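Asker: below are the sequence and a predicted model; questions follow.
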Amino acid sequence: MARLTIQIPDDLARGLEGIAAAQSKSIEQLAVERLRSFVSTAGSPASVLRAMTELPHLSSSIVDELDAAIASGRLAVLDQGPFDR
């Protein structure tokens, strides 16, 4: 495997550290995965599988917020049809 060293701004490096830590990965693993997604052919079986396995990890509070939004948008169930009136 080839080894490449790049220089990036400090704020970007801190951001990558945070994302990698949240995903329990090293910065190198994160960078390689993301760079592969740019190189691979869009729509290929490998890229589709990668997209399916790399879904974002959502916190329980975000899921609860989505559930609440779905519940508030539901329409009441009517016992009668429109012609029963």
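Answerer: Alright, I've got the coordinates.

Asker: how far away is the most centrally placed residue in the chain from Leu49?
Answerer: Among the residues of the chain, Pro56 comes closest to the average C-alpha position under C-alpha atoms, centre = their mean, at 2.7 Å. From Pro56 over to Leu49 the distance is 16 Å, taken as C-beta to C-beta, to the nearest Å. Heads up, the C-betas are built off the backbone N, CA and C, glycines and all.

Asker: and the gap between Val63 and Ala76?
Answerer: In this structure, Val63 lies at 24 Å from Ala76, with C-beta to C-beta as the measure.

Asker: for the two, indicate the residue with more neighbours.
Answerer: Val63 (10 against 5; other C-beta atoms under 10 Å).

Asker: and that one, what helix or strand is that in?
Answerer: For Val63, the enclosing helix or strand under DSSP states H and E is helix 60-72.

Asker: on that earlier part again, quick one, phi psi at the residue nearest to the centre of the chain?
Answerer: Pro56 adopts backbone torsions of phi -70, psi 150, taken as degrees, to the nearest 10.
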